[in-house]
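**Student:** I would like the atomic coordinates for the input below:
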Amino acid sequence: MRIQRIIWVVGRILFYALLLLLLVVVIYTLSHDQWLAGLIFGVMFILALYKGLICIKIPAYSLVVRDGKVVFLIPEASVRNRFDFVSRGQTIVELPHYGLLDRPYKLEIFSPDNEGGLYSCRLSLDLDYLMEPTAWQRAYDSFVLHQERLSLEVRRLLLKSSTRLVCRPAPLQGEEAMQEYLKPLVAELNLGLESVGLIIEKANCSFTAGSTLVRFVAAEQEILEKGVTGTVSVGVR
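**Tutor:** A predicted model of the protein is given here:
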């Protein structure tokens with residue numbers, strides 16, 4: 001989200017710098033009676049002005065918002081007339097992609113096996129926005145509420161939903177058995193994601209089994225776990 005803002009500011013600076021340069025060139029050529037060159041650069045100035053101020057490039061997954069309410073979603077990148085939105089009091093809000101949807105979320109679920117050992121299901125989740133008007137409003141509200149911490153909020157929701165998952169034996173080999181195993185897991189995780197207007201588009205799981213499974217926990221994971229459930233620290237000397 002911060003990266004999107006930086007890109008927008010840099011683009012605006014470059015655009016106005018180009019306009020100023022073209023205007024200076026037009027004034028210079030006309031003041032020196034170079035009418036043909038002045039006409040050419042004048043046309044370029046008008047085109048740049050039209051493309052930069054009148055036309056607006058709308059990225060994919062942008063919301064049209066009026067008075068805090070989502071009017072509709074623009075799912076694909078397009079070019080529109082800026083004044084069509086201004087005249088209606090509407091603004092364009094681009095929903096975040098980088099770090100939220102472009103990379104899969106990783107979630108690992110530990111369960112006991114039937115022989116006193118453990119196995120883990122490491123989920124790789126690809127997320128997408130729900131294509132429903134009510135979900136668009138939830139996505140916008142969560143974006144306004146969490147801003148830069150939206151990706152962390154999505155992780156918190158996934159972790160909270162995973163605490164309600166019922167452990168089951170590892171599935172047999174085969175794609176069909178894997179899909180049947182993942183259905184209830186994905187359904188439970190989607191219940192938590194509904195509050196931010198998201199849904200799991202694709203889920204993959206890789207299994208690991210052993211008497212003991214050890215994973216290093218990142219600092220971000222510790223913050224998420226403390227936010228969902230209380231923890232007890234035990235020191236060993």
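**Student:** Report the contact partners of the most centrally placed residue in the chain.
**Tutor:** Using C-alpha atoms, centre = their mean, the residue of the chain that lies closest to the mean C-alpha position is H97, 2.9 Å off. By C-beta atoms under 8 Å, 6 or more residues apart in numbering, the residues touching H97 are Y61. (Each C-beta comes from the backbone N, C-alpha and C, glycine too.)
**Student:** That one belongs to a helix, doesn't it?
**Tutor:** No. Read with DSSP: H, G, I helix; E, B strand; the rest coil, H97 is coil and lies in no helix.
**Student:** what's the weakest-modelled helix or strand in the chain?
**Tutor:** Within the chain, no helix or strand scores below helix 219-228, which has a mean of 59 by mean pLDDT, DSSP states H and E.
**Student:** And the pLDDT for I3?
**Tutor:** On pLDDT, I3 comes in at 64.
**Student:** Quick one: list the elements packing against the lengthiest helix in the chain.
**Tutor:** Criterion DSSP state H: the longest helix present in the chain is helix 2-31. With contacts defined as 3 or more C-beta pairs under 8 Å, 6 or more residues apart in numbering; DSSP states H and E, helix 2-31 has these neighbours: helix 35-49.
**Student:** what's the following helix or strand after the helix it packs on?
**Tutor:** strand 55-58 (DSSP states H and E).
**Student:** The residue of the chain most remote from its centre: what secondary structure?
**Tutor:** Within the chain, the residue lying farthest from the chain centre (C-alpha atoms, centre = their mean) is D33, at 53.3 Å. Secondary structure for D33, judged by three-state DSSP, is coil.
**Student:** Next one: it relative to D128, how far apart?
**Tutor:** According to C-beta to C-beta, to the nearest Å, D33 and D128 sit 59 Å apart.
**Student:** Equivalent analysis for D102, please.
**Tutor:** Where D128 is concerned, D102 sits at a distance of 11 Å (C-beta to C-beta).
**Student:** Among these two, which residue is more densely surrounded?
**Tutor:** Comparing D102 with D128 by other C-beta atoms under 10 Å, the one with more neighbours is D128, at 13 against 10.
**Student:** What about the nearest residue to the more buried one once chain neighbours are set aside, how many residues nearby?
**Tutor:** Distances taken as C-beta to C-beta, 6 or more residues apart in numbering place E201 nearest to D128, at 4.1 Å, with adjacent residues excluded. When counting by other C-beta under 10 Å, one arrives at 13 neighbours for E201.
**Student:** cool, L130 as well?
**Tutor:** So L130, with other C-beta under 10 Å, has 18 neighbours.
**Student:** Give me the pLDDT for it.
**Tutor:** You'll see L130 listed with a pLDDT of 87.
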